[in-house]
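**Student:** build me a model:
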Amino acid sequence: MVKYAMVIDLRSCIGCGACIAACDMENDTPWEEGERRTHVPRFTFGEYPNVTVVFVPRLCMHCENAPCVTVCPTGASYKTEEGVVLVNYDLCIGCKYCVVACPYDARYVDHRKRAVDKCTFCYHRLKEGRLPACVETCVGHARIFGDLDDPESEVSKIVRTSATKPLRPDLGTKPKVLYIPKVKVE
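**Tutor:** Predicted coordinates for the structure are as follows:
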């Protein structure tokens with residue numbers, strides 16, 4: 001069975017925003033700030049002259065234990081057999097339970113669709129055998145995508161051999177977006 005995951009190498013992300021532009025163009029997302037499927041906040045550590053800047057791309061984590069799916073009263077939020085968390089816009093009533101339940105702030109209301117929206121890992125592209133738009137366009141090659149269940153896939157090898165970390169492992173959501181830290185993480 002295919003189990004999709006993404007690794008983001010924070011040592012390679014330069015914060016250029018190509019992933020945001022690719023996502024916006026591919027998925028026709030709203031251009032308003034805060035209504036995006038992906039965003040790239042910047043964090044600064046240290047003091048001059050020893051300063052480190054880290055860009056941390058954020059998107060839906062496609063959690064194995066997705067709280068957004070369990071709180072949805074209509075079943076509009078659901079998981080595919082590959083573990084991708086999606087929204088059926090026709091079933092979404094805009095109650096925003098999923099927005100509140102998501103601990104990663106990855107959901108927003110798309111007023112044009114009159115439904116909640118989020119990153120889909122470009123599921124329509126995956127069905128065609130293509131990579132998500134953000135992965136394909138990343139100039140720093142910071143995003144690696146593939147099948148965790150395929151031991152020969154690049155993403156599977158990285159997860160096995162690198163110090164990948166999920167955001168907020170204490171929440172027990174088991175996210176499928178993992179990070180390779182740029183700075184030492186305690």
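
**Student:** find the least confident helix or strand in the chain, judged by mean pLDDT.
**Tutor:** Least confident helix or strand of the chain, by mean pLDDT, DSSP states H and E, is strand 38-39 with a mean of 84.

**Student:** and the next helix or strand past that strand?
**Tutor:** Using DSSP states H and E, the helix or strand that follows strand 38-39 towards the C-terminus is strand 42-47.

**Student:** how about the helices in this structure?
**Tutor:** Taking DSSP state H as the test, the helices found in the chain are 18-27, 67-71, 97-101, 123-126, 133-137, 154-161.

**Student:** quick one: the most centrally placed residue in the chain and Pro151, what's the gap?
**Tutor:** Using Cα atoms, centre = their mean, the residue of the chain that lies closest to the mean C-alpha position is Leu59, 3.1 Å off. In this view, Leu59 and Pro151 are 25 Å apart by Cβ to Cβ, to the nearest Å. Bear in mind the C-beta positions are built from the backbone N, C-alpha and C, glycine included.

**Student:** before we move on, back to that, give me the sheet partners of the least confident helix or strand of the chain and which way each runs.
**Tutor:** Strand 38-39 sits in its sheet next to strand 58-59 (antiparallel), going by DSSP bridges.

**Student:** picking up where we left off before, correct me if wrong: the residue nearest to the centre of the chain contacts Cys122.
**Tutor:** No: with the criterion set as Cβ atoms under 8 Å, Leu59 and Cys122 do not qualify as a contacting pair; they are 10.7 Å apart.
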